[in-house]
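A.B. asks: Predicted model and sequence follow; I will ask about them next.
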Amino acid sequence: MDWKTHGVKIVRAGDIDTNTPQTPGMTRAAAISHAKTGANKLWAGTMVVRPEARTGPHHHGELETVLYVVRGRVRMRWGDHLEFSEEARPGDFIYVPPYVPHQEINATEEECEAVVVRNGQEPIVVNLPLETPEPASAGHSWNEAVGMAFHPK
C-alpha cells in the first residue's frame, strides 16, 4: 500500500469547503468528505451561527449527526413542532438522531461554532416550513438577518 498517497490527510483551516447544502441562518463547511480526503463513511466539517441568529428548522434524513461546541452557546430546539429545548456550551457534545426536526439558535453576541460529524457522505439537508416557538428576543430569524455570514477562513 502506498501510505504516502493513501494515508493520513490534513485539511487546513483555509481549505474547508462551503460548497455544501446550507440552511438559512448558519454556514456549513466540509473538511472531511470523499472529494477532499477520500473518506467513504464519514463527513465532518464546521457550522457557524452568527450572533443573535437562529437557523431555519431542518433535518438530515437518515444521517446521524454529532456536534461538538467549540465557541459560544447553541440552544437546540427539536421535535415535530420544535417543542423541546436544551442549551449546549463549549466542550459539550450534541447528538441528533436521523429525521429529527431541529433548529440551532445563538442568543449571544458572539459567533457560535461547532465541529460537525455525520455517518454518511450524502449532503442531506431538508429545510422545513415550521414556525419556531422561540421568542423573538432569543436570536433573530434568518428572515430578519442581512445576508448569510461567510464561514471564517
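C.D. replies: That came through fine.
A.B. asks: ok, so what distance separates the nearest residue to residue 78 once chain neighbours are set aside from residue 132?
C.D. replies: Leaving aside its sequence neighbours, residue 78 sits nearest to residue 102 (C-beta to C-beta, 6 or more residues apart in numbering; 4.2 Å). C-beta: built from backbone N, CA, C; applies to glycine. Going from residue 102 to residue 132 by C-beta to C-beta, to the nearest Å gives 11 Å.
A.B. asks: For this protein, give me the ranges with low pLDDT.
C.D. replies: 135-153 (pLDDT under 70).
A.B. asks: Report the beta-bridge partner residues of the spatially most central residue of the chain.
C.D. replies: The residue lying closest to the centre of the chain (C-alpha atoms, centre = their mean) is residue 47, at 4.0 Å. Legend: beta-bridge partners of residue 47 under DSSP bridges are residue 28, residue 114.
A.B. asks: my guess is residue 35 is in a helix, correct?
C.D. replies: Yes. Checked against DSSP: H, G, I helix; E, B strand; the rest coil, residue 35 lies within a helix.
A.B. asks: Name whatever forms a beta bridge with the residue lying closest to it once chain neighbours are set aside.
C.D. replies: Spatial nearest neighbour of residue 35, chain neighbours left out: residue 17 (7.7 Å); criterion: C-beta to C-beta, 6+ apart. In this entry, residue 17 is beta-bridged to residue 30, by DSSP bridges.
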